[in-house]
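Visitor: coords please:
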Amino acid sequence: MKMMTMMKMMLVLVLSCVLCVSADVLHEDIGISGCSSSDGEFMYTLDGEEVWYADFINQRGVEPQPSFMDHITYPGGYESAVANLQICKQNLKVDLQAYKNPPLQLDPPSSPMIYPRDNVELGQKNTLICHVTGFFPAPVKISWTKNGQKVTEGTSINVPYPNKDGSFSQASRLDFIPQQGDIYSCTVEHLALDEPLTRMWDVEVKQPGIGPAVFCGLGLTVGLLGVAAGTFFLIKGNECS
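Guide: Okay, here's the model as predicted:
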């Protein structure tokens, strides 16, 4: 990683281990430790997916996988993360002094992408995801609204995920029940932005059209009436002959 990137947010530990499961299957297991003067991050990923991270606020390890997946646990992982955080902050202090406290480079996030986790069905529980990438330093702040009103219940945000170019990605989630006409928005704030970025998303579920069915029904009815009338006159004609 470039030295300037290291000075943005000190990543003192980037471990990459390629595990060979079979002759033609490879997996990438990465551990990442990072810090600033006031914040820190410690996480493990497998093939680009978060499998464990340290929550320093609530002082515990978190396994962010969905409940239907097998979880990967790291015994002693949180204690190790706390120790690495202290080492990271000490190394950051030394490096800042050595490089005479260089200015912080700011990279703004991309325009937010907002999309539902599952196919939208009215009245059925779902999750909206707001995703941004390409920013530095981490993290971003993401907030939600529903029909113009701020929403905090049912929201969550993952830890920043490092990209290969030294920038970060991050996503927030909102649990919701779709109702026709509701309008949601996610707003992203970051040090590199002069003003927040906002993306809107509205619930619009197209109902099945009844026109073709009605016309088909009418056509079938008219056809049956025509057959009945023809049969009636055919019988009458035979009676008169």
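Visitor: do a quick rundown of the helices in the chain.
Guide: 3-8, 77-98, 211-240 (DSSP state H).
Visitor: just the mean pLDDT for the first one, thanks.
Guide: Within the predicted structure, the mean pLDDT of helix 3-8 is 41.
Visitor: sorry, back to before: comparing the helices of the chain by mean pLDDT, which bottoms out?
Guide: Of all the helices of the chain, helix 3-8 has the smallest average pLDDT, which comes to a mean of 41.
Visitor: the closest residue to residue 89 other than its chain neighbours pairs with what?
Guide: Among residues not flanking residue 89 along the chain, residue 35 sits closest, at 5.2 Å (Cβ to Cβ, 6 or more residues apart in numbering). Any C-beta I mention is one placed from the backbone N, CA and C, and that applies to glycine too. Beta-bridge partners recorded for residue 35 (DSSP bridges): residue 10, residue 40.
Visitor: with the one 10 residues further on instead?
Guide: Beta-bridge partners of residue 45, counted by DSSP bridges, are residue 30, residue 50.
Visitor: what of residue 173?
Guide: Taking DSSP bridges, one obtains residue 129, residue 156 as the residues bridged to residue 173.
Visitor: and it, how many neighbours?
Guide: 19 (other Cβ atoms under 10 Å).
Visitor: for it, list the residues it contacts.
Guide: By Cβ atoms under 8 Å, 6 or more residues apart in numbering, residue 173 lies in contact with 117, 127-130, 155-157.
Visitor: go ahead and name everything in contact with stretch 192-199.
Guide: In contact with stretch 192-199 (Cβ under 8 Å, 6+ apart) are residues 106-109, 111-114, 130, 132, 135-136, 185-189.
Visitor: was I right to think the residue nearest to residue 89 contacts residue 56?
Guide: No. Checked against Cβ atoms under 8 Å, the pair residue 35 and residue 56 is beyond contact range at 9.9 Å.
Visitor: hey, what's in contact with both of the two?
Guide: Common contacts of residue 35 and residue 56, defined by Cβ under 8 Å, 6+ apart, comprise residue 85.
Visitor: who has more neighbours, the two?
Guide: residue 35 (23 against 16).
Visitor: tell me the pLDDT at that one?
Guide: Reported pLDDT for residue 35: 86.
Visitor: repeat for residue 131
Guide: Model confidence at residue 131 (pLDDT) stands at 97.
Visitor: mind listing what it touches?
Guide: 112-115, 169-171.
Visitor: in PDB, list the C-alpha atoms belonging to stretch 61-80.
Guide: Below are the C-alpha coordinates for stretch 61-80, written out as PDB (Å, rounded to 0.1, in the frame of the first residue of the first chain):
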ATOM      1  CA  GLY A  61     -16.600  -9.500  18.200                       C
ATOM      2  CA  VAL A  62     -19.400  -9.500  15.600                       C
ATOM      3  CA  GLU A  63     -20.200 -12.200  13.000                       C
ATOM      4  CA  PRO A  64     -22.200 -10.300  10.400                       C
ATOM      5  CA  GLN A  65     -23.300 -13.300   8.300                       C
ATOM      6  CA  PRO A  66     -27.000 -14.000   7.900                       C
ATOM      7  CA  SER A  67     -28.500 -16.500  10.300                       C
ATOM      8  CA  PHE A  68     -29.000 -19.200   7.700                       C
ATOM      9  CA  MET A  69     -25.200 -19.400   7.100                       C
ATOM     10  CA  ASP A  70     -22.600 -21.200   9.100                       C
ATOM     11  CA  HIS A  71     -20.700 -18.700  11.200                       C
ATOM     12  CA  ILE A  72     -16.900 -18.500  11.500                       C
ATOM     13  CA  THR A  73     -15.800 -17.700  15.100                       C
ATOM     14  CA  TYR A  74     -12.400 -16.400  16.200                       C
ATOM     15  CA  PRO A  75     -11.800 -17.400  19.900                       C
ATOM     16  CA  GLY A  76      -9.900 -14.600  21.600                       C
ATOM     17  CA  GLY A  77     -10.400 -12.500  18.500                       C
ATOM     18  CA  TYR A  78     -11.600  -9.400  20.300                       C
ATOM     19  CA  GLU A  79      -8.800  -9.400  22.800                       C
ATOM     20  CA  SER A  80      -6.300  -9.700  19.900                       C
END
